[in-house]
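>>> what follows is a protein structure lacking sequence information:
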């Protein structure tokens, strides 16, 4: 039996074999007529549909260029990124999303209106890009941490055949440096200091608004420890001294504790740097103790100073807004005149809104801890006549605690 390779025209005239070959050839032609071969693939279907599908797939050509300026910046300075897209194909494409366009610790502040930020990627809302059409995606970011970061965007789009395609246009690197304004007092928590552009301005009084939570207590601990390890004179007004016992003993020369609790004698032993007060009922006693401590500091501990006031909610509950405001006004003025940078705390959920506002108004700065489910976010609400970043920043306990404390899983109240 002849093979396909044997098929040929016989010049001597027809024969049985030649008749067989002719029939076989016609059969093969009928089969091949419905087949389309592209590369190493064979398609058997309606030829116009196959051609249309292949043409759409082959003609979907998207080109992208990325520009990033500046390549060196400081925390809080804007970074501008432009993604230049050009459809060089013969059919429209539909832009789906861009992933990994900005690294962690960058906040998106400017984008085209049709783009939505969703779960860490940019949703391009299937924007149509016609043949020969160009689209420039202009984006602006604010870096919240220093370091060297790379942007490696991954673009997804749909071709004319409704097939999703993905490609990585290019990558770029940016170097972010610290942005520290002069005369700032570090809080000890790097992410908060970055939002404050270096820390709390010297001699400012800043209030922390927060519910009772681990994150608030850990921030206060960092604030106190940073001061004491630097040799700064530090005052702490609190109801519960359990969290500062070790600090009181370790830094007896420059740490002064004012414990306002009827059970103060049972909580902590008597020491020269500890002032045991019966509570917050008698505000004059607190002022007398403060004056005594300041006299010691003036004689023995020069240099930078800071104070933490953790009794405002208790004083407000006991004395009301008018008397608390009057007492705080005098206390803040005295501390500022003595060179102290002050951090205070109030729980806004323990008081009426008008009482809280009467207190907040006394402070040059306000830091807020925001609850979003199990997560806590930091945000600077105000910093009078000083630059700062208003962006929200997730609080990470791992950056606030020592390894041995994380293993024990215990947090102290301040």
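Received the coordinates, thanks. On a predicted model such as this, the values are computed, not experimentally measured, just so you know.
>>> you'd agree residue 76 is in a helix?
No: according to DSSP: H, G, I helix; E, B strand; the rest coil, residue 76 belongs to no helix; its state is coil.
>>> quick check: which ranges of the chain have low pLDDT?
Flagging of the chain using pLDDT under 70 yields the residue ranges 1-60, 169, 300-302, 402-414.
>>> domain parsing of it, as residue ranges.
Here the domain parsing of the chain from automatic domain parsing is 59-177, 184-408.
>>> ranking those domains by burial, who's on top?
Compared across these, domain 184-408 shows the largest average neighbour count, a mean of 18 (mean count of other C-beta atoms under 10 Å). Yep, even glycine has a C-beta here, placed from its N, CA and C like the rest.
>>> what separates that one from the chain centre, distance-wise?
Chain-centre distance of domain 184-408: 25 Å, with C-alpha atoms, centre = their mean, to the nearest Å.
>>> next: stretch 81-97.
29 Å.
>>> what segments of the stretch 201-350 of the chain are strands?
205-209, 233-238, 255-260, 274-277, 305-309, 340-346 (DSSP state E, counting those that start in this stretch).
>>> need those in TSV with distance to residue 177, can you?
Output for those, formatted as TSV (distance: least, C-beta to C-beta, whole Å):
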stretch	distance to residue 177
strand 205-209	25
strand 233-238	30
strand 255-260	34
strand 274-277	42
strand 305-309	26
strand 340-346	24
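>>> quick one: which of those strands is nearest residue 391?
Residue 391 lies closest to strand 205-209 among the strands of the stretch 201-350 of the chain, at 17.3 Å (C-beta to C-beta).
>>> pairing partners for the closest one, with directions?
Strand pairing for strand 205-209, determined by DSSP bridges: strand 340-346 (parallel), strand 365-372 (parallel).
>>> quick one: which of those is nearest residue 213?
strand 365-372 (6.9 Å).
>>> so which of the strands of the stretch 201-350 of the chain is nearest residue 324?
So among these, strand 340-346 is nearest, using C-beta to C-beta, at 9.9 Å.
>>> check which element follows that closest one along the chain.
helix 353-360 (DSSP states H and E).
>>> what lies in contact with that next one?
207, 209, 312, 316, 320-322, 324-325, 328, 346, 348, 366 (C-beta atoms under 8 Å, 6 or more residues apart in numbering).
>>> go on, stretch 255-274?
224, 228, 233-242, 244-245, 247-249, 252-253, 275-280, 286, 289-290, 293, 296-297, 311, 314.
>>> can you get me the start-to-end distance on it?
Distance across stretch 255-274, first residue to last, is 9 Å (C-alpha to C-alpha, to the nearest Å).
>>> next one: stretch 137-152
15 Å.
>>> what's the answer for stretch 258-272, then?
Span of stretch 258-272 from end to end, C-alpha to C-alpha: 11 Å.
>>> repeat for stretch 349-366
Using C-alpha to C-alpha, the end-to-end distance of stretch 349-366 comes to 16 Å.
>>> ok, now stretch 328-345?
Note: stretch 328-345 ends 12 Å apart using C-alpha to C-alpha.
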